[in-house]
Structure formats: structure tokens, C-alpha cells
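In: what's the 3D shape of this:
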Amino acid sequence: MTLPASLSLALFRVRISYILKYAVAPIAIAAAVTSSTCFAQNKPAAAAPDVLVLSNGDTLHGKFVNAVSGKVNFHSDILGDISLDWDKVKELHTGQQVAVLKSNTKVRGKGSVKQVPMGTVDVADKTVTVHPANGANEETIPLKDAEYVVDKTTLNKELFHHPGITEGWNGAATAGATLVTATENQYTFSGGIGLVRVVPTVSWLSPRDRTSLDFTGSFGKITQPSYTIPATGTTPAIFVAAVSTKSAIYHADAERDEYFSPRFFALAQTAFDHNYGQDLDLQQIYGGGGGWTALKTPKQEADLKATMQYEKQGFISGASANQNLVGSTFSASYLLHMKLVTYTQGLAFIPAYNNFHAYSTNETNTLAFPAYKRLSFSVGTLDSYLNDPPVSLPPTKRNSFQFTMGLTYAIKSSY
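Out: Here you go, the predicted structure:
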């Protein structure tokens, strides 16, 4: 018997549906299960959490951040970020790869990374044991010799990469103002910003280069309104015009240091100064030289620098007083970090060799007192001396002194 064409087509569709449902579908499901099982087996297991055992026996689980100059930084899953001395740590066990930098090892450049022990770490009985990931023999280091213990990712980032143009900057921005409205109107605005980027951006690696940018300035104006002296029986009325007196002091500089050892560096610098009170329209300096970091600790740093330079002085009173000079800058800078205050000082002596009378000096001092988070209250002085201002009336003083107060905002690296 021959089936109608429509019925034959319907039976064919049923057979195909049956095959897909009871034959192909189980095979596909089995394949999917097998594939997911293989993927799960091939997926690397997550690193075990780091374990910190305190001297009182308490055990914390989380992530070891680093140990820098005797301070252990650890992120606990319960307590958050904590920092404590090695004396308060009984044991430390890391599941992540870390690097141990010994106190007598200076890591500078990519080639020096080979001498740094890396692997998971166990710390117990004042001994650091490093278990390398490549199966090499483990290394034991006395805890007192392990000056820095850092994660491997951060070490590679600092050694093999360079921050972008907007990354890695640290510094501060300061602003202050004074307004007076009385018989005389007066206002003064002062502020500044200082930025420094050291590469690598961490203190536990020897520096390769340092870039600094700095600007400080103040502008003020005192206005005495016009008035009329009344007439008397013998004299007519006298009109006195309004009088305005302004002050403007600006300084900007930039410097690039290239280190050829942890303490010695070559430098290139430029500086610009304007001081209305000294009749100085613009002083420009372009030079280069060398420097030495005479003191460097976690709390203090002192640098000594010397340059040879071209200097151009332009004065407000006229072009006849302008001059081109060849000279030097001998400078010293000092930074002190304390718990309740940060103190910075800068000294500079700028002689000219083709005109021994055209020398200048300046000194800056700043005290910053922490107030709230990144904000601090700051006071500072800027004292400058210019030996050769042109003759003018009223006579121009050679010395200019400025005292400032304001709020300072700390700028921290994003790298």
C-alpha cells in the first residue's frame, strides 16, 4: 500500500525528531559535561590565602602586602589593612609569589632581578624560607637581613615598566588668601604646587630617574581711593587721585635627574623668576650639572647640587639694565617627615662669572601640619636677595621676604 505523500512527510519528521531527542541530544549533553569537566581540570587553582600568625597566637587569613624596613603590611579578611612590627609576628605563610630583597643587595636595572630570591615564603623562628616556583633549592635568609619583602607582580612592574606621563607623581598644592575692605582695599592671593616623580616609584628599589616641577606665587594689591582736600580761606580744594600699589612674586622651575648610582646623578634644570618688588621682570636660567644625595632615610632626605648655566635678567625699569650672564647654581634641599609635621627647606646661591656683582640667593622654608586626610595646614617663608637691581625711584630694596599661610592638599601617586 502506498502512503499519501503528506503522511510520508509527517512520518519522516517524526523519525528525525526521535533521533534528535534520543540519540543526538544525549551525545551533545555528554560532550558538554566532558568539556566542562576538562575545563575545570585545566583551570589553575586559586592561590591559597596568606596566613599571618601573631605572637599571641591569633591567626589572620588574607593577603600579604609587603614588609618594608621592619614593618609588615597585611590585609585581613576581617580586620582590613593592618601594619605591625616583625616582633609581633610569630609566623607568616604566603600562597602568592613574593621577592625577598636583602639589606646588602642593591637592585638597579632589569639584569639585577636574577639575584633576588623569589617564590612562596614561610617565616618562622626569625628566619625567612623562600620556596622557588621553578623547583630550585629553597633559600633561607635571617629575618634581620630581609629588608624588603614584596609581591613579585609589583617588583616586575617597577623594574620592567615605566609610568605614563600622568602617573607616579607625588607632591602638594597649597592655596591661601587675604581680603581687607576698609579705608583702603587690600587683597592678596598666594599658592603653589610641587610635584616629584621618582622611577621606580617605590623606596625599596634604587632610583633610575627623577622629575620635579614646582611653581609658587603671590599677587597682592592695595588701593587707596581718591579724595579731595577741602578748600580753606587761603588755599583752593586739592584733588588727590586714587593710588594703587601691587606686589607680585612668581617662581617656577623644572628639573630632570638621571641616576648613575643610588646616590649620584646628572641633572638638567630650568628656572623662571619674577619679582615686582625687586624690579625683576623675568630671570631665566637654563643649565645642567650633577648632584649627590647626602642623606636618605625613610624620614629624611638631603640633596646637594651644582650646575653651570646661562642666565638672562630682564628688568621692569628698562632694557638698558638687562644682562646675559654665565654662572652656576649651588643648592641644598632638605626634607623631614615626622608624625605631626613635615618640614622642607631649600637654599640656593647663584653667582655670575662674567659679572661678579650680579649674584642672587634664596631660601624657602615650609612647615605642613596634618589636618584631615590629605589636607594639612601650612606656613612658609620665601626670602630672596638680588644684588644688582637697577637704580630707581623709589629705591629698590635688594631683599624680598614673604610669609605665607594656607591649606595644603597632598597629591599621591596613582601608579
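
In: go through stretch 365-375 and flag the buried ones.
Out: Across stretch 365-375, burial judged by 16 or more other C-beta atoms under 10 Å covers Asn365, Thr366, Leu367, Ala368. Any C-beta I mention is one placed from the backbone N, CA and C, and that applies to glycine too.

In: okay, that stretch in PDB with CA atoms only?
Out: Output in PDB follows, covering the C-alpha atoms of stretch 365-375 (Å, rounded to 0.1, in the frame of the first residue of the first chain):
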ATOM      1  CA  ASN A 365      61.100  77.000  54.500                       C
ATOM      2  CA  THR A 366      57.700  75.200  54.800                       C
ATOM      3  CA  LEU A 367      56.000  73.500  57.700                       C
ATOM      4  CA  ALA A 368      52.900  71.400  57.000                       C
ATOM      5  CA  PHE A 369      50.700  70.100  59.900                       C
ATOM      6  CA  PRO A 370      48.300  67.300  59.100                       C
ATOM      7  CA  ALA A 371      44.600  68.300  59.500                       C
ATOM      8  CA  TYR A 372      42.200  65.900  57.800                       C
ATOM      9  CA  LYS A 373      43.100  63.000  55.500                       C
ATOM     10  CA  ARG A 374      45.100  64.600  52.600                       C
ATOM     11  CA  LEU A 375      44.600  68.200  53.900                       C
END
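
In: hmm, who's touching it?
Out: 172, 340-345, 376-381, 407-410, 412 (C-beta atoms under 8 Å, 6 or more residues apart in numbering).

In: again, only this time at 6 Å
Out: Residues outside stretch 365-375 that contact it (C-beta atoms under 6 Å, 6 or more residues apart in numbering): 341-345, 376-381, 408-410.

In: go ahead and build a ChimeraX selection from the buried members of these.
Out: Per 16+ other C-beta under 10 Å, the buried members of the contacts of stretch 365-375 correspond to this ChimeraX selection:
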select :342,344,345,376,378,380,408
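
In: export the contacts of stretch 365-375 to CSV and tack on distance to Pro200, pLDDT and secondary structure?
Out: Below are the contacts of stretch 365-375 laid out as CSV (distance: C-beta to C-beta, whole Å; pLDDT from 0 to 100; DSSP: H, G, I helix; E, B strand; the rest coil):
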residue, distance to Pro200, pLDDT, secondary structure
Val341, 28, 94, coil
Thr342, 22, 94, strand
Tyr343, 26, 96, strand
Thr344, 23, 95, strand
Gln345, 26, 97, strand
Ser376, 26, 95, strand
Phe377, 32, 95, strand
Ser378, 28, 95, strand
Val379, 33, 94, strand
Gly380, 30, 93, strand
Thr381, 34, 93, strand
Thr408, 26, 95, strand
Tyr409, 25, 96, strand
Ala410, 20, 94, strand
